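Curious how this folds, go ahead:
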Amino acid sequence: MKKVCKECRLFVEGPTCPSCKGNKFTESWKGRIYIGNPDKSEVAQKLGFKIKGEYAIKVK
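From the prediction side, this is the model:
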């Protein structure tokens, strides 16, 4: 099961989040979205996603 950063909702594989440098993760999430170009994506800008990657829509 994939783990998600509780701060920025980015899917993470290592011990720290590459986006916010946090280390609090959860495996309880719903929905996902892939952001390919956050600078040109209106969805990324509205949701506050700043780097390219896969994000969870809702985390618990």
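
Spatially nearest residue to residue 57 (excluding sequence neighbours)?
Of all residues not flanking residue 57 in the chain, residue 31 sits nearest, at 3.5 Å (CB to CB, 6 or more residues apart in numbering). C-betas here are computed from N, CA, C, even on glycine.

That neighbour against residue 54, yeah?
No. With contact defined as CB atoms under 8 Å, residue 31 does not count as touching residue 54 (11.1 Å).

Which one's more surrounded, the two?
Neighbours were counted for residue 31 and for residue 54 using other CB atoms under 10 Å; residue 54 has more, 14 against 9.

In a strand, the residue nearest to residue 57, correct?
Yes. Counting by DSSP: H, G, I helix; E, B strand; the rest coil, residue 31 is located in a strand.

got a list of what it touches?
Taking CB atoms under 8 Å, 6 or more residues apart in numbering, we find residue 31 in contact with 56, 57, 58.

Show me which of those residues are buried.
residue 56 (16 or more other CB atoms under 10 Å).

which one among the contacts of residue 31 gets closest to residue 9?
Checking the contacts of residue 31 against residue 9 with CB to CB, the nearest one is residue 56 at 4.7 Å.

Give me the secondary structure label for that closest one.
Quick answer, by three-state DSSP: residue 56 is strand.

Quick check: beta-bridge partners of it?
Beta bridges link residue 56 to residue 32 when assigned by DSSP bridges.

distance of the residue nearest to residue 57 from residue 37?
For residue 31, the distance to residue 37 equals 20 Å [CB to CB, to the nearest Å].
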